[in-house]
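Chemist: Structure, please.
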Amino acid sequence: MLRAIAIGLPLTVLVTILALMIGTVVALPIVAGLRSKNRILWLMSRALVDLLRGVPPVVWLFILYYGVSIGAIRLTALQAGVLGLGVVAAAYLAEIFRGAISSIPKGQWEASSALGFHRATVWSRVIGPQTARAVVPAYTTFAIGLLKDSSIASSIGVAEIVFMSSQYARQSGEGIMVFFVAAGVYILLSVPLGLLSRHLDVKMRKAVAR
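Modeler: As a prediction, the model looks like this:
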């Protein structure tokens, strides 16, 4: 039982990390579009976010795995799982980042402009640190949710924890017990993320308060 779960553990972690990385990178230009004063660019970004969030993640995985091909080349189950969860993550993270930036008081922007700060300086020294503090709790909470959502990848054959647990349950006849153990593993993986979130939040609050 434990061996089956241990075999699936690396892929669970890999899918989560890669999807989070893709989501973070893709979210940045989407945030720029959501904050753009260009109406067309804003509408395109808003439509993209609503589309990605409006369709269940498992549907995106099926579309990418069964429906996307380049010539004779098809995405593997792992590639489709990571990409599907990654683009959905991008939509949610874009809203998290946008909300964090919007929470910065208008006076911070005005003061930076009055002092003649370069745009890069404004983001790196003024807005960036405050935005990061606001983002951390929601970002790590989303990461924990993505860790659990990585189980969706089992629906297209990615051999992560849930997939391996299902295989073991069918072969051994032990039934539900393996899933209780799998649930315990997910909890063990999630708790450190929660603790890290609180630690970073406290540390950033102190840094911003200086």
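Chemist: Please count neighbours and contacts with C-alpha atoms only from this point.
Modeler: OK.
Chemist: Show me where the protein has its strands.
Modeler: Here the chain has its strands, by DSSP state E, at 69-70, 73-74.
Chemist: for the last one, packing partners?
Modeler: Okay, so that is strand 73-74. The helices and strands touching strand 73-74, judged by 3 or more Cα pairs under 8 Å, 6 or more residues apart in numbering; DSSP states H and E, number zero.
Chemist: Would you give the sheet partners of it, along with the direction of each?
Modeler: Paired strands of strand 73-74, with direction, are strand 69-70 (antiparallel) (DSSP bridges).
Chemist: can the strands of the chain go into JSON lines with extra columns for mean neighbour count and distance to Arg39?
Modeler: Converted to JSON lines, the strands of the chain look like this (neighbours: other Cα atoms under 10 Å; distance: least, Cα to Cα, whole Å):
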{"stretch": "strand 69-70", "mean neighbour count": "9", "distance to Arg39": "33"}
{"stretch": "strand 73-74", "mean neighbour count": "12", "distance to Arg39": "36"}
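Chemist: Columns mean pLDDT and distance to Ala4 on top of these, output as TSV?
Modeler: Output for the strands of the chain, formatted as TSV (pLDDT from 0 to 100; distance: least, Cα to Cα, whole Å):
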stretch	mean pLDDT	distance to Ala4
strand 69-70	70	31
strand 73-74	80	28
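Chemist: Including distance to Val136, could those go into TSV?
Modeler: Shown next, in TSV, are the strands of the chain (distance: least, Cα to Cα, whole Å):
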stretch	distance to Val136
strand 69-70	37
strand 73-74	36
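Chemist: Tally up the residues packed near the nearest residue to Lys148 once chain neighbours are set aside, please.
Modeler: Using Cα to Cα, 6 or more residues apart in numbering and skipping residues adjacent in sequence, the residue nearest Lys148 is Tyr186, 7.0 Å away. Neighbour count for Tyr186, taken as other Cα atoms under 10 Å: 17.
Chemist: From Leu193, how far off is Tyr186?
Modeler: 11 Å (Cα to Cα, to the nearest Å).
Chemist: can you check Pro56 too?
Modeler: Pro56 sits 25 Å away from Leu193, going by Cα to Cα.
Chemist: cool, and Ala94?
Modeler: For Ala94, the distance to Leu193 - Cα to Cα - is 20 Å.
Chemist: which one of those two has more residues nearby?
Modeler: More neighbours surround Ala94 than the other of Ala94 and Leu193, with 25 against 15 (other Cα under 10 Å).
Chemist: Next, the contact list for that one, please.
Modeler: Thr24, Ala27, Leu28, Ile30, Val31, Val49 (Cα atoms under 8 Å, 6 or more residues apart in numbering).
Chemist: Spatially nearest residue to the third one, not counting backbone neighbours?
Modeler: It refers to Leu28. Spatial nearest neighbour of Leu28, chain neighbours left out: Ala94 (6.7 Å); criterion: Cα to Cα, 6+ apart.
Chemist: pLDDT wise, what is Gly71 at?
Modeler: pLDDT, Gly71: 66.
Chemist: and if you look at His118?
Modeler: Model confidence at His118, given as pLDDT, is 68.
Chemist: Kindly report the same for Ala91.
Modeler: Taking Ala91 on its own, its pLDDT is 95.
Chemist: do Ser124 as well
Modeler: pLDDT at Ser124 comes out at 68.
Chemist: what does Arg35 give?
Modeler: Looking at Arg35, the pLDDT reads 88.
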